[in-house]
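Participant: Let's see this in three dimensions:
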Amino acid sequence: MATIKEIASLAGVSRGTVDRVLNHRGAVSPQTEAKILKIVQALDYKPNKAGIVLAAQKKNLKLGVVLLGVGNPFYDDVLSGVHDKAAELAGYNCSVLIRQTEYSPEQQLAAIEELLSEGINGLAISPYNDNAVREKINSLCDQGIPVVTLNTDIENSRRLAYVGSNFYRSGETAAGLMHLMTKGNVFVGIVSGSQNVLCHTERIAGFRHVTASCNNIRIVDIVNNNDDESESYELTVSLLTRYPQINALYFTAGGVYGGCRGIVACGRHKSMTVIANDMVPTTREFMEKGLIAATICQQPFLQGYNPLAILFTYLTTGEEPASENNYVDVDIRIKENL
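Facilitator: Numbering: from 1, shown residues only. From the prediction side, this is the model:
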């Protein structure tokens with residue numbers, strides 16, 4: 001089996017230089033990096049994972065986590081996954097630092113800076129889809145700090161991987177459910193989270209794609225509640241008041257509880273078809289009452305757990321995930337299979 005010492009000798013460089021290339025730590029010229037990687041490939045070099053993990057114990061790795069949606073109960077289950085993986089990694093002297101922000105690029109950037117000041121080696125983030133956040137992620141990657149996005153992604157970034165659902169397909173699924181669960185002319189109001197969160201906008205895009213071929217389904221209006229229950233209540237009441245023809249609602253994100261309260265306040269709970277995302281306690285409550293027809297669940301625990309696993313493996317072995325997009329399975333829940 002080839003060793004780093006052999007690779008260094010053949011390349012005419014130090015073992016430290018080979019180590020920097022294999023572990024993506026920069027400070028090596030492109031020509032030297034290409035030469036080393038060519039030798040690595042020729043020798044079919046495979047790192048000694050056990051040895052690397054033991055070495056990682058001496059490095060005291062730190063991983064940062066930045067989540068959106070303060071107050072959104074969906075992230076409680078994401079955090080459960082984060083905490084479970086953090087407990088495992090503690091045995092390798094790897095600590096996990098967590099921050100959670102509102103839907104604000106300024107807050108998200110400030111949280112990243114806080115974590116950088118703590119010396120993180122990698123970052124898992126549910127990113128706000130904003131150019132400044134994108135540039136920050138790209139800057140971290142250029143500095144050798146890998147980034148994995150979770151639950152939602154960010155366009156045109158150099159992040160290592162994404163972990164979460166295929167949100168476009170989720171939107172298509174929601175539209176399919178709407179078509180199956182309604183009769184006659186359907187006038188849909190969409191209550192979303194934020195137009196600056198990619199998973200929310202892509203769910204709407206998927207929903208539009210399917211409903212475009214359904215002659216009886218029309219999207220009336222779209223409002224954004226920032227995953228805030230009070231704001232969702234007010235927006236839903238306003239939506240149903242302004243458009244009395246609305247007889248179906250699609251909730252793409254949080255704020256489902258507030259929205260359902262708004263439906264009840266308007267006296268429309270017996271004539272409304274509601275499709276939602278995720279299974280939090282208040283969503284279950286309204287499903288049991290028969291107000292929510294179906295919800296699309298997306299394994300939030302794994303969305304917290306898997307990004308840390310990917311980062312730790314990458315930082316300790318240099319092994320990249322098998323796929324850039326690591327989609328979790330989704331399942332559809334109705335009252336009968338809660």
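
Participant: Report the contact partners of E102.
Facilitator: Going by C-beta atoms under 8 Å, 6 or more residues apart in numbering, E102 touches 68, 70, 226. For every residue, glycine as well, the C-beta is placed using N, CA and C.

Participant: Correct me if wrong: the second one contacts R99.
Facilitator: Okay, so that is V70. No. Applying C-beta atoms under 8 Å, one finds V70 not in contact with R99, separated by 10.2 Å.

Participant: Flag the least confident of the contacts of E102.
Facilitator: Least confident entry in the contacts of E102, by pLDDT: V70, with 83.

Participant: burial count for that one?
Facilitator: 14 (other C-beta atoms under 10 Å).

Participant: do G16 as well
Facilitator: 13.

Participant: could you pull out the helices for the stretch 51-200 of the chain?
Facilitator: 74-89, 105-117, 131-142, 167-181, 198-211 (DSSP state H, counting those that start in this stretch).

Participant: other SSEs contacting the shortest one?
Facilitator: Same thing as helix 131-142. helix 105-117, strand 122-125, strand 147-150 (3 or more C-beta pairs under 8 Å, 6 or more residues apart in numbering; DSSP states H and E).

Participant: Of those, flag the one that's most buried.
Facilitator: strand 122-125 (a mean of 28; mean count of other C-beta atoms under 10 Å).

Participant: for that one, packing partners?
Facilitator: strand 62-67, helix 105-117, helix 131-142, strand 147-150, helix 300-317.

Participant: Just put the helices and strands packed on helix 131-142 in JSON lines and tack on distance to H209.
Facilitator: Supplementary listing: the helices and strands packed on helix 131-142 in JSON lines, determined by distance: least, C-beta to C-beta, whole Å:
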{"stretch": "helix 105-117", "distance to H209": "28"}
{"stretch": "strand 122-125", "distance to H209": "28"}
{"stretch": "strand 147-150", "distance to H209": "23"}
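
Participant: what's the closest of these to N93?
Facilitator: Of all the helices and strands packed on helix 131-142, strand 122-125 sits nearest to N93, with 14.5 Å by C-beta to C-beta.

Participant: Can you pull up the most central residue in the chain?
Facilitator: N151 (1.6 Å; C-alpha atoms, centre = their mean).

Participant: how close does that residue sit to Q298?
Facilitator: 8 Å (C-beta to C-beta, to the nearest Å).

Participant: Could you do R203 as well?
Facilitator: 11 Å.

Participant: and if you look at T3?
Facilitator: In terms of C-beta to C-beta, T3 sits 43 Å off from Q298.
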